[in-house]
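*Asks:* turn this into a model:
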Amino acid sequence: MIPKISTILIVNDVETMVKELVSTLPIHDIRIIQNEEDGKNDFLIIHSKQAIKEAYIAVNKTKYILLCGDTFRTEAQNSLLKVLEEPPLNIIFILITTSKNTILPTILSRMPHKYLKTKVEIKKCELDFSNLDLGTIYTFLKKQQRISKNDFKELVESMLYKIQEDKIKLSSTQLESFSKAMNLCELNSKPINVLTILLLNLSN
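*Replies:* Numbers count the residues shown, from 1 in each chain. So this is what the prediction gives:
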């Protein structure tokens, strides 16, 4: 499933798709541009500059440049517009993300996209929300120290599912804390810090 032209891939998990592509192409034909900071998977202006620089290194055969991120900053996308519209000879860009909504219409109009997401079964949450004390929260947080933004979103989904399944009634403030947590995560707050605040709110 190697694209013949520059393409956007909308997938369940960015890292899984990168590994799949890497396994099917010679490693020297691929350049991977992504945020390597722990817990963060957003594509920034610094990454777009790396991609442009890489694109203009002349090659004799096809080179695939993978642009990876759960979210793509607007300024990063704007800086890529020209090179995506008219890529240098032998350059194919593969933009990999988990959400079509993060991609600007101007880029969507320039590149075909493939929706490869499949329905994912919600993971079972191990927390007992009817008996959530500080000791339980502390033990749980220790296991989640390196949680990524994507894993955080999945965890929040499983928490809400468990709360609904166990028929636990939350106050309006507690319900609102879920929305705030997701917003903070999108604004690139550290997922473990957001999770800590969320769980403390739920324990009150």
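*Asks:* in terms of pLDDT, where does Glu121 sit?
*Replies:* As predicted, Glu121 sits at a pLDDT of 66.
*Asks:* oh sorry, the question was meant for Leu184
*Replies:* Looking at Leu184, its pLDDT is 85.
*Asks:* does it count as helix, strand or coil?
*Replies:* In three-state terms, and counting by DSSP: H, G, I helix; E, B strand; the rest coil, Leu184 is helix.
*Asks:* count the neighbours of it for me.
*Replies:* Neighbours of Leu184 under the rule other C-beta atoms under 10 Å: 17. Where C-beta positions appear, they are placed from N, C-alpha and C, glycine not excepted.
*Asks:* spatially nearest residue to it, not counting backbone neighbours?
*Replies:* Val194 (4.8 Å; C-beta to C-beta, 6 or more residues apart in numbering).
*Asks:* in a helix, that neighbour, correct?
*Replies:* Yes - applying three-state DSSP, one finds Val194 inside a helix.
*Asks:* quick check: it touching Phe152?
*Replies:* Yes - counting by C-beta atoms under 8 Å, Val194 does reach Phe152; the two are 6.9 Å apart.
*Asks:* residue furthest from the geometric center of this protein?
*Replies:* Ranked by distance from the centre of the chain (C-alpha atoms, centre = their mean), the top residue is Asn60, with 32.5 Å.
*Asks:* give me the phi and psi for it.
*Replies:* Per-residue torsions, Asn60: phi -90, psi -20 (degrees, to the nearest 10).
*Asks:* you'd agree it is up against Leu89?
*Replies:* No - using C-beta under 8 Å, Asn60 is not in contact with Leu89, being 9.3 Å away.
*Asks:* list the contacts of Asp42.
*Replies:* For Asp42, the contact set (C-beta atoms under 8 Å, 6 or more residues apart in numbering) comprises Asn35, Gly69, Asp70, Thr71, Phe72, Arg73, Lys149, Asn188.
*Asks:* switch the cut-off to 6 Å
*Replies:* Asn35, Gly69, Thr71 (C-beta atoms under 6 Å, 6 or more residues apart in numbering).
*Asks:* the second one and Asn78, how far apart?
*Replies:* Remark: distance between Gly69 and Asn78 (C-beta to C-beta, to the nearest Å) = 15 Å.
*Asks:* so between these two, which is more surrounded?
*Replies:* Using other C-beta under 10 Å, the more surrounded residue of Gly69 and Asn78 is Gly69, with 24 against 14.
*Asks:* for the more buried one, which non-adjacent residue is spatially closest?
*Replies:* In space, and not counting its chain neighbours, Gly69 is closest to Phe43: 3.3 Å by C-beta to C-beta, 6+ apart.
*Asks:* for the one you found, list each beta-bridge partner.
*Replies:* Beta-bridge partners for Phe43, by DSSP bridges, are Phe72.
*Asks:* wouldn't it be in contact with Ala76 here?
*Replies:* Yes - Phe43 lies in contact with Ala76 (C-beta atoms under 6 Å); the separation is 5.4 Å.
*Asks:* so those two - more neighbours on which side?
*Replies:* Legend: neighbour count by other C-beta under 10 Å for Phe43 and Ala76, higher for Phe43 (26 against 21).
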